[in-house]
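Engineer: Fold the following, please.
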Amino acid sequence: MLAGIGQRFLDFCERFSGHFRCRTRTVEASARYYVRGLLQAETKNMERMEEAIPEADHQALHHMLSESAWPERAVLDQVAQDANRLLGGHTDSALLIDESGCPKKGMQSVGVARQWCGQLGKVENCQVGVFAALSRGTEATLIDGRLFLPEAWTRDSARCQAAGIPKAQRGFQRKTDLDLAMIVHARQQGIGFAWVGFDGFYGSDPAFLRALDAHGEVFVGDVHKDQRIYLEDPRPVVPPAQTARGRPPTRLQAQTPAVRVDRWAQQQPAVAWQPVTLRNGTKGQLRVEILHRRVWLWDGQEPQARPWHLIVRREIDDPTEIKYSLSNAQEPEVRVHSPEDAARPRRGPASGIGLH
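Structural biologist: Okay, here's the model as predicted:
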């Protein structure tokens, strides 16, 4: 059995071997040892990998990662294509966006700075990357990732030069800019996903939501409880001048008031909450209650508000645990009617809506 597993591992590595060789040299062996080290070494640094893999040399592993000219983008793209064959192209295939922080002690690692580190749950010295995972049901795998460079780095060309950051990548980009680039790149590769999901950090960025909408992407994104919505179309207009004196008004104004999502949810009667079973867990069924309403979002500048969907999810066992999500799925397709459909918004027939 172990021999069979070993052969499958070698076959897997062989599919990527072409990326680690050129006409004059190859780092295929080091790449294979590195993958083995990730699987076998308890601590994921080169010295511990060398101890776990007798054939490996930690200096050769360092050189393979930091100096050799293998194309990391091509490797990631092949991972994405492999994942797409297994998980993509279905009505419940989704691209999930999130970030992760890697704590660091020094200041030399590229992009390191005092910033929010999700791994530690606080602001700390770390590197932060944003990632895209292709998912279907309970299965998911990463298919892309981009390193976030804080402005402290992008404003310091000498520091970027010393760290070896290519000039084309030294301009400041927000995390949502990197996210959008990953989504566009996935589409260019032909990765099949029906919708994009993300947490409240990204969902609370109006420009990001509007950019996704402009690209024709269906999204389901969490938002914070203070997200403001309009229950009716605000129909923004420039109000008429009240007097002949002074400059006439130029800014658009909403014709209906905005409300916070948490306050709207608090005002809903008990019968408005719809019970839904999301999935079966190790402790039994995960059941929640759902509110859904068509709402309008307006950024104070666009000539028209955007009619999207608000989904509020409340834990039955803990009613204080409430999540709020927005989606731009088309109106005719929106309903919550089954555990699977609750996590499958898309622009197509008979779709449910929700975020799992």
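
Engineer: Am I right that Ala305 is in contact with Trp298?
Structural biologist: Yes - at 3.9 Å, Ala305 counts as touching Trp298 under the criterion of Cβ atoms under 8 Å. C-beta coordinates here come from the backbone N, C-alpha and C atoms, glycine included.

Engineer: Now for the two: what residues contact both?
Structural biologist: Common neighbours of Ala305 and Trp298 (criterion: Cβ atoms under 8 Å, 6 or more residues apart in numbering): 230, 234, 236, 254.

Engineer: most remote residue from the chain's center?
Structural biologist: Note on the chain: the largest C-alpha distance from the chain mean falls to Ala244, namely 51.3 Å (Cα atoms, centre = their mean).

Engineer: Let me know the distance separating it from Ser204.
Structural biologist: To Ser204, Ala244 is 42 Å away according to Cβ to Cβ, to the nearest Å.

Engineer: just Gly190 next, same as before
Structural biologist: Gly190 is 31 Å from Ser204, by Cβ to Cβ.

Engineer: More neighbours: which of the two?
Structural biologist: Ser204 (17 against 11; other Cβ atoms under 10 Å).

Engineer: Quick check: that one vs Val223, distance?
Structural biologist: 5 Å.

Engineer: Val110 now?
Structural biologist: Counting by Cβ to Cβ - Val110 and Val223 are separated by 32 Å.

Engineer: Name the residue in the two with the higher neighbour count.
Structural biologist: Val223 (24 against 14).

Engineer: Next up, the contacts around the nearest residue to that one once chain neighbours are set aside.
Structural biologist: Of all residues not flanking Val223 in the chain, Gly203 sits nearest, at 4.4 Å (Cβ to Cβ, 6 or more residues apart in numbering). Neighbouring residues of Gly203 by Cβ under 8 Å, 6+ apart: 209, 221-224, 325-326.

Engineer: of those, buried ones?
Structural biologist: 209, 221-223, 325-326 (16 or more other Cβ atoms under 10 Å).

Engineer: Would you map the strands across the stretch 51-200 of the chain?
Structural biologist: Assigned by DSSP state E, counting those that start in this stretch, the stretch 51-200 of the chain shows strands spanning 93-103, 113-117, 122-136, 139-147, 195-198.

Engineer: what's the distance between the fourth one and the middle of its chain?
Structural biologist: Spelled out, that is strand 139-147. Put simply, strand 139-147 sits 9 Å off its chain's centre (Cα atoms, centre = their mean, to the nearest Å).

Engineer: about what we covered before: pick the most deeply packed of the strands of the stretch 51-200 of the chain.
Structural biologist: Among those, strand 195-198 has the highest mean neighbour count (mean count of other Cβ atoms under 10 Å), at a mean of 26.

Engineer: That'll do, ta.
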